[in-house]
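Chemist: coordinates only, sequence not included:
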C-alpha cells in the first residue's frame with residue numbers, strides 16, 4: 001500500500017511536468033533524482049512518464065504532424081441588389097448545393113411592398129472565390145463586398161501536442177486503476193482519469209471545429225430588391241432629396257456658427273479684454289467723481305441748533 005501511494009504521488013508530479021511542457025513551444029527534458037523509502041532510482045521513475053519515449057529528440061511533441069497546408073478560416077460578406085428576392089434566394093441555394101455546400105440560415109421579411117432577405121451559406125474553401133463571383137453574378141448591383149481570413153494553424157498544432165500528452169497520461173492512469181487495491185485509491189485514480197478524459201474530449205471537439213471551419217468557408221449575403229434601392233419619388237418630387245438638402249443646410253449653418261465662435265474667442269475676445277478692462281475702471285472712476293461733485297453742500301446750522 002505504501003509503495004502504491006508513492007507511485008500515485010510520482011504520477012501527479014509527471015502530469016504537472018507534462019502540462020508545463022505542453023505550454024512551451026519546445027519541450028524541455030526534465031531530470032530528477034528520485035530517492036525515498038523504496039530507494040527508487042531515476043530509471044525506476046521513468047516508468048511513470050506520461051508521454052512517449054523521447055530518446056530521439058527529448059521533445060514530447062516531436063511526433064506531432066503539421067497540417068499539410070495552413071488552416072485558414074475564410075469569411076465573406078456581400079450586399080447585393082436583385083430583381084426578385086425569392087428568386088435570388090432560390091438561385092443561391094441551388095448554387096451552394098451544387099458546390100457541395102449548404103445553407104446555414106435564411107431569413108425573408110416584408111419591407112413595404114417588397115421583401116428583403118438575409119442568407120448565410122457554407123462552401124468548400126477551395127470554392128470560396130468562385131462562389132463569391134457567382135453570387136455577385138446574380139445581382140443587378142453589388143452594394144458591399146468584404147472577405148477576411150483567420151489563421152488557426154498554430155492553435156491546431158498546440159492542441160495536437162496537448163492531446164498527445166493527455167492521451168499518454170490517461171493510458172498510464174488506467175494502468176494505475178487496474179493496480180488499485182482498495183476503494184479509496186481506486187476512486188481517487190478514477191476521478192483523475194475522468195478529468196483527463198473530459199479534457200481530451202474538449203480538445204478533440206475544438207480541433208474538429210477548427211478543421212471543419214477551415215475546410216468550409218462562410219458567406220453572409222444581404223439581399224435587397226431593386227424596388228427598395230430606388231429613391232422615393234412622388235409626382236416628380238423626391239422627399240429624400242429635400243431631406244438631404246435640408247441636412248446640408250443645417251450642417252452649413254452649424255459650421256458657420258462654429259467658425260464665428262472660434263474667430264471671436266481667438267481674435268476678438270483678447271482685444272476686448274485688453275482694452276475693455278482698463279476702460280471699465282476709468283469710466284467707473286469718472287462716474288464716481290462726477291457724482292461726488294454733484295452732491296449738495298450741507299446746510300448751515302440754525303440759531304436754535306447753535307444755541308443748543
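Modeler: Yep, that arrived. Treat the numbers as computed from the prediction; the structure is a model and nothing was measured.
Chemist: So, low pLDDT: which residues of the stretch 151-300 of the chain?
Modeler: 228-244, 295-300 (pLDDT under 70).
Chemist: Do you have the strands of it handy? List them.
Modeler: Using DSSP state E, counting those that start in this stretch, the strands of the stretch 151-300 of the chain run over 216-225.
Chemist: all helices in it, in order from the N-terminus.
Modeler: Assigned by DSSP state H, counting those that start in this stretch, the stretch 151-300 of the chain shows helices spanning 153-179, 183-215, 226-229, 239-263, 269-294.
Chemist: out of those helices, deepest packed?
Modeler: Neighbour counts (mean count of other Cβ atoms under 10 Å) averaged over each of the helices of the stretch 151-300 of the chain peak at helix 153-179, with a mean of 18. All C-beta atoms are positioned from the backbone trio N, CA, C, and that covers glycine.
Chemist: tilt between that helix and helix 183-215?
Modeler: Between helix 153-179 and helix 183-215, the angle comes out at 160 degrees (axes from the mean of the first three to the mean of the last three Cα atoms, to 10 degrees).
Chemist: what packs against helix 153-179?
Modeler: If contacts are counted by 3 or more Cβ pairs under 8 Å, 6 or more residues apart in numbering; DSSP states H and E, helix 153-179 sits against helix 2-22, helix 183-215.
Chemist: Now render the helices of the stretch 151-300 of the chain as JSON lines, adding distance to residue 94.
Modeler: Shown next, in JSON lines, are the helices of the stretch 151-300 of the chain (distance: least, Cβ to Cβ, whole Å):
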{"stretch": "helix 153-179", "distance to residue 94": "33"}
{"stretch": "helix 183-215", "distance to residue 94": "22"}
{"stretch": "helix 226-229", "distance to residue 94": "21"}
{"stretch": "helix 239-263", "distance to residue 94": "36"}
{"stretch": "helix 269-294", "distance to residue 94": "70"}
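Chemist: Run through the bridge partners of residue 122.
Modeler: Residues in a beta bridge with residue 122, per DSSP bridges, are residue 102, residue 218.
Chemist: got a pLDDT number for it?
Modeler: Per-residue pLDDT puts residue 122 at 94.
Chemist: got it, and the one 3 residues further on?
Modeler: According to the prediction, residue 125 has pLDDT 91.
Chemist: number of nearby residues for the nearest residue to it once chain neighbours are set aside?
Modeler: Counting by Cβ to Cβ, 6 or more residues apart in numbering, the nearest residue to residue 125 once its immediate chain neighbours are dropped is residue 217, at 5.0 Å. Residue 217 has 25 neighbours, counted by other Cβ atoms under 10 Å.
Chemist: Was I right to think residue 217 contacts residue 76?
Modeler: Yes: between residue 217 and residue 76 there is a contact under Cβ atoms under 8 Å: 6.8 Å.
Chemist: Overlap in contacts, the two.
Modeler: Counting by Cβ atoms under 8 Å, 6 or more residues apart in numbering, the shared contacts of residue 217 and residue 76 are 128, 131.
Chemist: contacting residues for the closest residue to residue 174 other than its chain neighbours?
Modeler: Closest residue to residue 174 apart from its sequence neighbours, by Cβ to Cβ, 6+ apart: residue 193 at 6.4 Å. Neighbouring residues of residue 193 by Cβ under 8 Å, 6+ apart: 170, 173-174, 177.
Chemist: do the same with residue 85
Modeler: Counting by Cβ under 8 Å, 6+ apart, residue 85 touches 108, 114-117, 223-225.
Chemist: same thing but 6 Å
Modeler: With contact set as Cβ atoms under 6 Å, 6 or more residues apart in numbering, residue 85 has these partners: 115, 117, 223, 225.
Chemist: can you list the residues you listed in JSON lines and add distance to residue 127?
Modeler: Shown next, in JSON lines, are the contacts of residue 85 (distance: Cβ to Cβ, whole Å):
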{"residue": "115", "distance to residue 127": "28"}
{"residue": "117", "distance to residue 127": "22"}
{"residue": "223", "distance to residue 127": "20"}
{"residue": "225", "distance to residue 127": "27"}
